[in-house]
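K.L.:
Sequence and predicted structure, then a few things I'm wondering about:
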Amino acid sequence: ADINQAYGPFHALTMATDGNNYEMINLLLNLGANPNKGNVLPALADNNNIDLFNTLVQRGLRANNINGYQALQIASKNDNIAFAQALLEANVLTISENGEEAPLINAIKNGNIDMVALLVNTANSNITYLDMPALIWAAKDGKTDIVNILLEHNANPNINYNNSTALMWAFNKNHPKVAKVLINAEADFFTDLTTHYQTTPNNVRSFVQFIKEAGADLNTIDTEETLLMMASADGLENLANDLINAGVDLDIQDSAGNTALMIAIMEGKINIAEMLLKHNAASLIVNNNGVNALGCAKNIVLTDQVSQ
C-alpha cells in the first residue's frame, strides 16, 4: 500500500499528527511518508503544536500552500499567535480572497490586537468578508486600537459598506474614540455629513456634534466651500442648524468672497438665510464684486423681475 495514499477521509500521517502520536509520526516519516500530503498542517494548527510543526518543517513540511493558509485561518480563529508567527516564519501562503473568512478578519472579530498587528504586515488591510471591509468590522465594534493599526497599514478611511463609511458606523454605534482615529486619518466627513442629513434629516442625534467632539474642524474648506456653505446652498436646514449650534464661523468667505448668508440668499434658501441672520451672521460683508447680503437679495429680485 502507498503510505501517502488517502483512503476516504483517512490519511496515515494526518491521523498520527492529529493524535500527537510522535512514535507513529517518526515511523511513517522513516517509511517515506510525505508531510505535504493530506492535511498535516491544519491538524497541527488545531492542536497548536509548534514543536511538532518545527520538527516536520525540518523533515520537509512546507507552509506556502493552501494547507498552510488553512492552518493560518485556524491559528487566527483560535488566537494561537505563536503558531501563526511560526507559520509566517515558514513563509506561509497569506494571500486571501474577498469573501473568505481571512485570518486578518478572524483576528479583528476576536479583538486580538497582537494577532492583527502580526497579520496586517502581509495581509490586505482592505480585505472584505461578507462584503464588509476589515476597517468597518473593527469600527462597528469599537475596536479603536485595531482601527488604528489598519489605518497605519494603508486601510482606506473612506471605504464603505451599505453606503456607510467607517465613520458613519462609528457614529451609529456610538464609538467616539474610533471616530477620533478616523478623523485624524482624514476621513471625509463632508460626504458623510451630506449623506446623513439627506437620508435621515430628522435624526435626533447630531452627527455634527459627534464629529466635532471627535476632533473634526467644522470650518474646514473643502472644494472651496465650508460645511455651512454647502448646507446653505443645498437647503439642508437641519445640518445648517446643527452647524450653527456647534459654533461654526458664520462669516467665512469662499474664493468669490461669498458668505453662507449670501449663498443662502442667492440659492433662494430663505429659511436658512433667516436662521443665519437670527444668529447674527454679518450682513454687511461684501464679496469680490463689492456686493453684500442685501445686494445679493436685490439682485435676485431684479433677476426675477427681468425674467418675468
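P.N.:
Looks like it arrived, so ask away. Residues are numbered from 1 along each chain as shown.
K.L.:
which ones are touching the residue nearest to the spatial centre of the chain?
P.N.:
For the chain, residue 135 is the residue whose C-alpha lies nearest the centre (CA atoms, centre = their mean; 2.8 Å). Residue 135 sits next to 125, 126, 147, 150, 151, 155, 156, 157, 159, 166 when contact means CB atoms under 8 Å, 6 or more residues apart in numbering. Heads up, the C-betas are built off the backbone N, CA and C, glycines and all.
K.L.:
who wins for neighbours among those?
P.N.:
Among the contacts of residue 135, residue 166 has the most neighbours (other CB atoms under 10 Å), with 33 neighbours.
K.L.:
How about the contacts made by the closest residue to it other than its chain neighbours?
P.N.:
Nearest in space to residue 166, with sequence neighbours left out and distances taken as CB to CB, 6 or more residues apart in numbering, is residue 139 at 4.0 Å. Residue 139 is in contact with 147, 166, 167, 169, 170, 173, 175, 178, 182, counting by CB under 8 Å, 6+ apart.
K.L.:
Low-confidence ranges, the stretch 51-200 of the chain, go.
P.N.:
Within the stretch 51-200 of the chain, the stretches with pLDDT under 70 are 96-99.
K.L.:
mind listing the strands for it?
P.N.:
For the stretch 51-200 of the chain, the strands defined by DSSP state E, counting those that start in this stretch occupy 128-129, 132-133, 160-161, 164-165.
K.L.:
how close does the residue nearest to the centre of the chain sit to residue 149?
P.N.:
Counting by CB to CB, to the nearest Å, the separation of residue 135 from residue 149 is 10 Å.
K.L.:
do residue 172 as well
P.N.:
For residue 172, the distance to residue 149 - CB to CB - is 22 Å.
K.L.:
Give me the more crowded residue out of these two.
P.N.:
Under the neighbour definition other CB under 10 Å, residue 172 and residue 149 were set side by side, and residue 149 has more, 20 against 17.
K.L.:
just checking, that one touches residue 120?
P.N.:
Yes: Residue 149 lies in contact with residue 120 (CB atoms under 8 Å); the separation is 6.0 Å.
K.L.:
how distant is stretch 273-283 from the center of its chain?
P.N.:
On the basis of CA atoms, centre = their mean, to the nearest Å, stretch 273-283 sits 38 Å off its chain's mean C-alpha point.
K.L.:
Report how far apart the opening and closing residues of that stretch are.
P.N.:
10 Å (CA to CA, to the nearest Å).
K.L.:
what comes up buried for it?
P.N.:
273, 275, 276, 277, 281, 283 (16 or more other CB atoms under 10 Å).
K.L.:
Same question for stretch 44-51.
P.N.:
Applying 16+ other CB under 10 Å to stretch 44-51 flags 44, 45, 46, 47, 49, 50 as buried.
K.L.:
Let me have these in TSV, adding distance to residue 290, pLDDT and secondary structure as columns.
P.N.:
Formatted as TSV, the buried residues of stretch 44-51 follow (distance: CB to CB, whole Å; pLDDT from 0 to 100; DSSP: H, G, I helix; E, B strand; the rest coil):
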residue	distance to residue 290	pLDDT	secondary structure
44	79	95	helix
45	74	96	helix
46	78	95	helix
47	81	95	helix
49	81	95	coil
50	77	95	helix
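K.L.:
quick check, nearest of these to residue 61?
P.N.:
Proximity of the buried residues of stretch 44-51 to residue 61 (CB to CB) peaks at residue 44, which lies at 8.5 Å.
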